[in-house]
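Student: this is the structure alone, sequence omitted:
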């Protein structure tokens, strides 16, 4: 499956289901009060956070037979997962574990903080999905699934997010899966671990000025780390092994610095740049066995 097919499927699924899901959440969910401990009721989903404040999760959320696990619809929210689990349906809920923001033209959210440890399991669309938001982060969260269809561990359709210390464990896909997918500028992806899936970490369309540092990606069916239709990314000190490709730079991506990475044991190639003579991409100080061009060092 090509990137364009992947993006088209994702856009279609969101367009068909997102408005309905958010409408149901607003209609049926009981908003949680700011500054309180959240004590979920078994099987009652989603937990709705619609006010700024500090929130402590005091129990597991789910199983969510319908809808998201937690919806965050306000800026200035800090959510502590406190080691708890947010679970979809045993048959895989076609929704998100944690959903941040609503589509534009609604006002964008800012300063949303999701803090683990905590686990998100068995949602068939995304573990964490953030849109129309900025200046936020998700740290120390584990995302896993038994779903073998369409799934993304952490998807950031937004800007200025930091993903740090998260673990995404995906099945060998029967459909389309991605560990971390970015579709917006100025995001940081630091010290995360991604195992298995179709894509590992991808800076997708318009993800300019992305920082991808000190991540470990293995066992994916395409690339451990890839960039597509963006510029000026920093890809540094990552480890990518046992993928199809270790690091893959599409010919629509330029001005990238790819330095100090270790990429070995990838079945097709460790490092690949589709731009003739690497264009304005700089490859320096990488440890690898195979590459497709002599401009890769």
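Tutor: Done, it's in. What you see is a predicted model; the values in this text were computed from it and never measured. Residues are numbered from 1 along each chain as shown.

Student: quick one: the helices in the protein?
Tutor: Counting by DSSP state H, one finds helices in the chain at the ranges 3-28.

Student: spatially central residue in it, please.
Tutor: residue 154 (2.0 Å; C-alpha atoms, centre = their mean).

Student: what pLDDT does it get?
Tutor: Residue 154 is assigned a pLDDT of 97 by the prediction.

Student: wait, isn't it in contact with residue 166?
Tutor: Yes - between residue 154 and residue 166 a contact is recorded at 6.3 Å, counting by C-beta atoms under 8 Å. Quick note: C-beta positions are derived from backbone N, CA and C, even for glycine.

Student: report the set of residues contacting both of those two.
Tutor: Contact with both residue 154 and residue 166 is made by residues 138, 141, 143, 180, according to C-beta atoms under 8 Å, 6 or more residues apart in numbering.

Student: the bottom helix or strand of this protein by mean pLDDT?
Tutor: None of the helices or strands of the chain scores lower by mean pLDDT, DSSP states H and E than helix 3-28, at a mean of 41.

Student: low-scoring pLDDT stretches of this structure, where are they?
Tutor: Scanning the chain for pLDDT under 70 picks out the ranges 1-35, 173-176.

Student: quick one on the thing from earlier: export the shared contacts of residue 154 and residue 166 to CSV and tack on neighbour count?
Tutor: Listed next are those as CSV, based on neighbours: other C-beta atoms under 10 Å:
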residue, neighbour count
138, 26
141, 27
143, 28
180, 29
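
Student: which of those fall in strands?
Tutor: 138, 141, 143, 180 (DSSP state E).

Student: from residue 115, how far off is the residue nearest to the centre of the chain?
Tutor: According to C-beta to C-beta, to the nearest Å, residue 154 stands 14 Å off from residue 115.

Student: same check on residue 181?
Tutor: Distance from residue 181 to residue 115, by C-beta to C-beta: 21 Å.

Student: tell me which stretches of the stretch 1-150 of the chain form strands.
Tutor: 31-32, 37-38, 47-49, 53-57, 61-64, 70-72, 77-80, 85-88, 96-100, 109-110, 112-121, 126-131, 133-134, 136-144 (DSSP state E, counting those that start in this stretch).

Student: any chance of TSV for those, columns distance to residue 264?
Tutor: Output for the strands of the stretch 1-150 of the chain, formatted as TSV (distance: least, C-beta to C-beta, whole Å):
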stretch	distance to residue 264
strand 31-32	47
strand 37-38	44
strand 47-49	43
strand 53-57	40
strand 61-64	39
strand 70-72	39
strand 77-80	38
strand 85-88	35
strand 96-100	33
strand 109-110	40
strand 112-121	30
strand 126-131	28
strand 133-134	36
strand 136-144	26
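
Student: looking at those, which is closest to residue 254?
Tutor: Residue 254 lies closest, by C-beta to C-beta, to one member of the strands of the stretch 1-150 of the chain: strand 133-134, at 24.6 Å.

Student: remind me what the closest one packs against, helices and strands.
Tutor: strand 109-110 (3 or more C-beta pairs under 8 Å, 6 or more residues apart in numbering; DSSP states H and E).

Student: which pair in the ones in strands among the shared contacts of residue 154 and residue 166 spans the largest distance?
Tutor: Going by C-beta to C-beta, the pair spanning those furthest: 141 and 180, at 11.5 Å.
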